[in-house]
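*Asks:* Any chance you could fold what I've pasted below:
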Amino acid sequence: MQGYLSLILHAHLPFVRHPEHERFLEENWLFEAITETYLPLVQVMDGWLRDGMQTELTLTLTPTLASMLLDPLLQERYVRHLDALIELSEREIHRTSWDKAFQPLAWMYHHRFSSLRETYHHYGRNIVGAFRKFQEAGRLEIITSAATHALLPLMAAHPSSIRAQILVARDHYRSCFDRDATGIWLPECAYVEGIEKVLQEAGIRWFIIDTHGLMYGRPRPRYGVFAPVFTHNGIAAFGRDLDSARQVWSKHEGYPGDPRYRDFYRDVGFDLDYDYVRAYLPATGRTFTGIKYHAITGEGEKRIYDRNAALQTAAEHAQHFMQARIEQMQKLAGIMDRPPHLLSPYDAELFGHWWYEGPEFLDYFFRKTYYDQDVIRLSTPWRYLQANPTQQVATPAASSWGDEGYWKVWLNEKNEWIYPHLDIAQERMTALARKFPKADGVKLRALKQAGRELLLAQASDWPFILRTGTSPDYARKRVTDHILRFLALHEQLTTTKVDGRWLAEVEEMDNIFPEIDYRYWA
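*Replies:* Sure, this is the predicted structure:
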């Protein structure tokens with residue numbers, strides 16, 4: 001063994017829960033990710049555990065995602081969603097009975113959905129509990145993120161809000177896993193000097209930063225991104241390896257763009273007659289179902305998806321990825337006086353949702369790395385620190401992994417209107433926490449709900465969506481609704497009196513973090 005490789009999957013979705021509607025389009029973001037990423041990953045890791053493989057993977061479960069995965073309402077709605085997919089796949093089997101190209105794929109989807117339903121019920125609808133099992137078996141390190149994935153550097157002028165985002169996340173992690181998180185995925189890998197002070201208070205030992213954030217640190221890191229640095233209070237910062245990132249993320253070089261893989265956009269939800277698929281879609285109209293019959297192909301007419309060819313391609317890419325890491329590790333080991341460490345972080349939803357064969361790629365890669373070579377040790381950042389506790393001290397540079405490396409994605413002409421409202425709300429939340437240091441009864445409930453509304457308004461997802469234009473009306477409404485609810489609670493607490501009936505309605509709607517401590521803002 002010449003060095004360590006830490007592969008990190010960042011599983012995150014914004015908190016979307018609408019009990020006031022029977023069906024809601026944006027809740028499908030969660031259902032699609034469960035079906036195509038989270039449950040397939042559970043199945044893959046079950047296979048590693050069954051085969052006695054000493055694999056080590058790192059997974060972020062953000063507090064918003066974990067809260068949704070544990071929510072009984074959303075669990076019940078997901079069961080309904082999965083049952084509908086199985087029913088639709090059965091209809092597709094009958095519809096394609098005379099089509100030799102499509103019917104094997106219809107059967108594939110029916111088998112896959114049925115298998116996922118079996119796995120989901122096997123774990124009592126508790127995907128968080130499934131991942132906890134792997135962590136307790138020593139095969140997985142689960143890390144946390146900020147409470148609602150707020151871009152922390154944009155809150156630097158209000159440190160108590162950064163503190164609340166981190167400490168609420170710490171408390172939520174404890175409630176899920178009965179232990180403290182050792183690591184954190186800073187939302188969007190966005191760092192600015194000073195964040196590590198709150199990480200220290202929360203007991204966090206390491207975080208991830210983008211390549212340039214480490215390379216432009218003070219002083220420059222002696223080993224580049226191939227070893228962590230310690231900040232001055234002893235929190236380790238790990239930098240992203242660009243070579244391994246490029247092979248997956250690059251538009252031109254990345255594996256997911258291979259024409260043999262399944263095409264994301266051709267879906268029966270759009271291709272088939274609307275009356276035929278209407279019962280399986282949200283009430284708002286056409287959207288993706290997850291049943292797709294075509295390969296990426298490239299220019300011209302799409303080819304029919306060949307599942308066996310796609311899996312063979314995933315195996316080839318896994319072999320290529322492993323060999324590239326071996327060569328990289330051997331080169332680094334020859335010039336470093338300590339074992340090199342490669343950090344390869346990705347959005348988890350890439351594997352399965354966007355890149356349908358992604359879970360199989362991970363399975364092939366981990367198996368090949370475990371059985372077929374002895375240069376690389378699959379590890380986690382925390383394991384590496386335990387084995388290599390002496391590292392250079394440096395201060396990373398302000399950075400993120402967003403477009404152009406800083407905050408442009410989340411602060412621009414399309415979303416800048418959000419931040420003056422957040423600034424005022426943050427100041428008022430701190431004033432409330434100081435005015436009512438020992439609240440109880442309905443005032444305590446109102447203060448806790450004010451904290452929830454502020455956290456939800458701070459999510460980085462809303463400015464991101466406004467920038468990309470994918471669901472701008474929904475993102476604008478979410479920010480506006482949370483700010484208005486916060487302002488109403490502030491007025492009731494400071495000027496009038498708390499409206500208990502209205503408060504109960506809001507508590508039911510935005511029920512995240514039931515044990516939130518509003519005093520973190522003080």
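*Asks:* Report the secondary structure state of the nearest residue to D258 once chain neighbours are set aside.
*Replies:* The shortest distance from D258 to any non-neighbouring residue, by C-beta to C-beta, 6 or more residues apart in numbering, is to T313 (5.6 Å). C-beta: built from backbone N, CA, C; applies to glycine. Each residue gets one of three states, and T313 gets helix by DSSP: H, G, I helix; E, B strand; the rest coil.
*Asks:* Is it correct that T313 is in contact with R260?
*Replies:* Yes - the pair T313 / R260 is scored as a contact, 4.6 Å apart, by C-beta atoms under 8 Å.
*Asks:* could you pull out the strands for the stretch 1-150 of the chain?
*Replies:* For the stretch 1-150 of the chain, the strands defined by DSSP state E, counting those that start in this stretch occupy 3-11, 57-61, 140-145.
*Asks:* out of those strands, which comes closest to I195?
*Replies:* strand 140-145 (12.5 Å; C-beta to C-beta).
*Asks:* For that closest one, C-alpha coordinates in CSV please.
*Replies:* C-alpha atoms of strand 140-145 as CSV (Å, rounded to 0.1, in the frame of the first residue of the first chain):
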residue,chain,number,x,y,z
LEU,A,140,-18.9,3.9,6.1
GLU,A,141,-18.2,7.3,7.6
ILE,A,142,-21.3,9.5,7.6
ILE,A,143,-20.6,13.2,7.8
THR,A,144,-22.8,16.2,8.2
SER,A,145,-23.3,19.6,6.6
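*Asks:* any idea of the mean pLDDT for the helix or strand following that strand?
*Replies:* Using DSSP states H and E, the helix or strand that directly follows strand 140-145 along the chain is helix 159-177. This predicted structure assigns helix 159-177 an average pLDDT of 97.
*Asks:* So what's the gap between helix 159-177 and the chain middle?
*Replies:* Centroid separation between helix 159-177 and its chain, computed with C-alpha atoms, centre = their mean, to the nearest Å, is 16 Å.
*Asks:* Redo the strands of the stretch 1-150 of the chain as CSV? Include mean pLDDT and mean neighbour count.
*Replies:* Formatted as CSV, the strands of the stretch 1-150 of the chain follow (pLDDT from 0 to 100; neighbours: other C-beta atoms under 10 Å):
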stretch, mean pLDDT, mean neighbour count
strand 3-11, 97, 24
strand 57-61, 98, 25
strand 140-145, 98, 24
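*Asks:* ok, now how distant is L489 from R428?
*Replies:* The span separating L489 from R428 equals 10 Å under the rule C-beta to C-beta, to the nearest Å.
*Asks:* These two - which one has more neighbours?
*Replies:* Comparing L489 with R428 by neighbour count (other C-beta atoms under 10 Å), the higher total belongs to L489, at 28 against 20.
*Asks:* Which parts of the stretch 301-450 of the chain are helices?
*Replies:* Per DSSP state H, counting those that start in this stretch, the stretch 301-450 of the chain has helices spanning 307-333, 358-371, 381-387, 418-435, 441-457. These are given in chain order.
*Asks:* closest to G298 out of the strands of the stretch 1-150 of the chain?
*Replies:* Taking C-beta to C-beta as the criterion, G298 comes closest to strand 3-11 out of the strands of the stretch 1-150 of the chain, the separation being 28.2 Å.
*Asks:* Would you mind putting the CA coordinates of that closest one into CSV?
*Replies:* Output for strand 3-11, consisting of C-alpha atoms alone and laid out as CSV, is shown next (Å, rounded to 0.1, in the frame of the first residue of the first chain):
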residue,chain,number,x,y,z
GLY,A,3,-1.3,5.8,-0.4
TYR,A,4,-4.9,6.4,0.5
LEU,A,5,-8.0,7.2,-1.6
SER,A,6,-11.1,8.8,0.0
LEU,A,7,-14.2,8.7,-2.2
ILE,A,8,-16.9,11.0,-0.8
LEU,A,9,-20.5,11.2,-1.9
HIS,A,10,-22.4,14.3,-0.9
ALA,A,11,-26.1,13.4,-0.6
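*Asks:* any weak-confidence spans in the stretch 151-300 of the chain?
*Replies:* Along the stretch 151-300 of the chain, segments meeting pLDDT under 70 span 251.
*Asks:* Show me the helices in it, by range?
*Replies:* Using DSSP H, counting those that start in this stretch, the helices found in the stretch 151-300 of the chain span residues 159-177, 195-201, 211-215, 242-249, 268-271, 274-277.
*Asks:* could I get the ones you listed as a markdown table with mean neighbour count and distance to I326?
*Replies:* Formatted as a markdown table, the entries for those read as follows, by neighbours: other C-beta atoms under 10 Å; distance: least, C-beta to C-beta, whole Å:
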| stretch | mean neighbour count | distance to I326 |
| --- | --- | --- |
| helix 159-177 | 21 | 33 |
| helix 195-201 | 19 | 33 |
| helix 211-215 | 22 | 21 |
| helix 242-249 | 16 | 12 |
| helix 268-271 | 18 | 41 |
| helix 274-277 | 13 | 46 |
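*Asks:* Now do the residue nearest to D258: how many residues are near it, please.
*Replies:* By other C-beta under 10 Å, the burial measure for T313, its neighbour count, is 19.
*Asks:* before we move on, what about P389?
*Replies:* The criterion is other C-beta under 10 Å. On that basis, P389 has 9 neighbouring residues.
*Asks:* try Q330
*Replies:* 14.
*Asks:* which residues sit in contact with it?
*Replies:* Contact analysis of Q330 by C-beta atoms under 8 Å, 6 or more residues apart in numbering lists 2, 375.
*Asks:* What score does it have for pLDDT?
*Replies:* Per-residue confidence (pLDDT) for Q330: 96.
*Asks:* How about the one 10 residues further on?
*Replies:* According to the model's per-residue confidence, P340 sits at a pLDDT of 96.
*Asks:* Break the chain down into its domains, please.
*Replies:* The chain breaks down into these structural domains: 3-70+126-262+305-404, 412-521 (assignment by automatic domain parsing).
*Asks:* Those domains into CSV, with extra columns for distance to D99?
*Replies:* Compiled in CSV, those are given as follows (distance: least, C-beta to C-beta, whole Å):
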stretch, distance to D99
domain 3-70+126-262+305-404, 13
domain 412-521, 33
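*Asks:* Mean neighbour count, these: which tops it?
*Replies:* Among the domains of the chain, the stretch with the highest mean neighbour count (mean count of other C-beta atoms under 10 Å) is domain 3-70+126-262+305-404, at a mean of 19.
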